[in-house]
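Asks: what follows is a predicted protein model with its sequence.
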Amino acid sequence: ALNRRITVRTDIRMMNELLRLGGLQKHLYTQMQTSMTTELSNQFSEVLTSIKHAINALDMTPVPVEDMKD
């Protein structure tokens, strides 16, 4: 539309959701500090690392309208 660059909304929504999930995971981690075990800490770390990798894997490069496929 009008030869403007656009960003695919699904990637933005996915990134926001992943960021929200990461925040919730961090909140749970801080809430469980009193009963934290090494195994549980490792599980939290794995989840946060996976979320970080998923966010980094998103391609947020703007796409010209003419390159978009229907």
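Replies: Arrived safely. Numbering: from 1, shown residues only.

Asks: quick one: mean pLDDT for the helix or strand encompassing Met14?
Replies: Assigning secondary structure by DSSP states H and E places Met14 in helix 9-31. In this model, helix 9-31 has a mean pLDDT of 88.

Asks: next, the angle from the following helix or strand past it to helix 9-31.
Replies: Following helix 9-31 in sequence order, the next helix or strand is helix 38-57 (DSSP H and E). For helix 38-57 against helix 9-31, the angle by axes from the mean of the first three to the mean of the last three C-alpha atoms, to 10 degrees is 160 degrees.

Asks: identify the residues contacting helix 38-57?
Replies: Met15, Leu18, Leu19, Leu21, Gly22, Gln25, Lys26, Leu28, Tyr29, Met32 (C-beta atoms under 8 Å, 6 or more residues apart in numbering). For every residue, glycine as well, the C-beta is placed using N, CA and C.

Asks: who touches Arg13 in this structure?
Replies: Taking C-beta under 8 Å, 6+ apart, one finds nothing in contact with Arg13.

Asks: from Leu58, how far out is it?
Replies: For Arg13, the distance to Leu58 equals 10 Å [C-beta to C-beta, to the nearest Å].

Asks: same check on Ser41?
Replies: For Ser41, the distance to Leu58 equals 27 Å [C-beta to C-beta].
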